[in-house]
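Asks: got a structure for you, letters missing:
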Ligand SMILES: Cc1cc2nc3c(=O)[nH]c(=O)nc-3n(C[C@H](O)[C@H](O)[C@H](O)COP(=O)(O)O)c2cc1C
């Protein structure tokens, strides 16, 4: 019963945050760059999957991340992930890109949902300052938004709180 952490990155921040998250949930496997995954059926062998995705393509409807995630979204949607728990964290900039804060999380959420995964790791939006995000569903984000550009002082406490939440939601992490 294993949980994998997968990320993609352009300037290294999502990789760094994946490593810091792993410190709080060391029972998960060491973070992997998703561009190093040769066969996505690897996901079907896991009990849980935690995905890290930055947003680069501001305002785009599709391929919002601008990373390796974009080219495998359709393939993720074709997997059989029923019974798997999936959680997403996103990197963005709530100050400069406040109209599109962490938009890419929702795209990943949508394709994992299509694959039948049980989505966990939702976070209340009330402690964030931003104008718009495609990743808001009701009063919550569909994952954990993180802002290493404008709010890096909050990242560690946000990660620690989210790690505790995930230990409740993904039994094999506890
Ligand atoms: C050209 C450019 C476009 C960006 N677009 C967005 C955006 O639309 N929404 C957002 O929340 N952050 C946006 N960002 C901020 C990045 O997502 C943020 O710096 C992130 O930490 C980068 O992660 P990475 O180093 O893992 O690639 C943008 C940054 C740049 C330089």
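Replies: Yep, it's here. What you are looking at is a predicted structure, and each value in this text was computed from that prediction instead of being measured.

Asks: drop to CA atoms for contacts and neighbour counts, all remaining ones
Replies: OK.

Asks: The longest helix along the chain packs against which elements?
Replies: Of all segments of type helix in the chain, defined using DSSP state H, the longest is helix 155-169. In terms of contacts (3 or more Cα pairs under 8 Å, 6 or more residues apart in numbering; DSSP states H and E), helix 155-169 is packed against helix 13-24, strand 144-146.

Asks: three-state assignment of the residue nearest the centre of the chain?
Replies: The chain has residue 88 as the residue nearest its centroid, 2.4 Å off, counting by Cα atoms, centre = their mean. With DSSP: H, G, I helix; E, B strand; the rest coil as the basis, residue 88 sits in strand.

Asks: hmm, back to that, mean neighbour count, the helices and strands packed on helix 155-169: which tops it?
Replies: Highest mean neighbour count of these: strand 144-146, a mean of 26 (counted as mean count of other Cα atoms under 10 Å).

Asks: which residue ranges form the strands in the protein?
Replies: All strands of the chain, identified by DSSP state E, fall at 3-7, 32-33, 48-54, 85-91, 118-120, 123-124, 136-137, 140-141, 144-146.

Asks: Pipe those into TSV and attach distance to residue 156 and mean pLDDT per row.
Replies: Formatted as TSV, the strands of the chain follow (distance: least, Cα to Cα, whole Å; pLDDT from 0 to 100):
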stretch	distance to residue 156	mean pLDDT
strand 3-7	17	98
strand 32-33	20	98
strand 48-54	15	98
strand 85-91	13	98
strand 118-120	20	98
strand 123-124	15	98
strand 136-137	22	98
strand 140-141	18	98
strand 144-146	10	98
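
Asks: Can you say which of those is packed in most?
Replies: Among the strands of the chain, strand 48-54 has the highest mean neighbour count (mean count of other Cα under 10 Å), at a mean of 27.

Asks: and the angle for that one with strand 85-91?
Replies: Interaxial angle, strand 48-54 versus strand 85-91 (axes from the mean of the first three to the mean of the last three Cα atoms, to 10 degrees): 20 degrees.

Asks: hmm, back to that, which stretch among the helices and strands packed on helix 155-169 comes nearest the ligand?
Replies: Checking the helices and strands packed on helix 155-169 against the ligand by Cα to the nearest ligand atom gives helix 13-24 as the closest, at 3.6 Å.

Asks: how big is the angle separating that closest one from helix 155-169?
Replies: 60 degrees.

Asks: Would helix 13-24 count as contacting the ligand?
Replies: Yes - counting by Cα under 6 Å from any ligand atom, the ligand is contacted by helix 13-24 at 13, 14.
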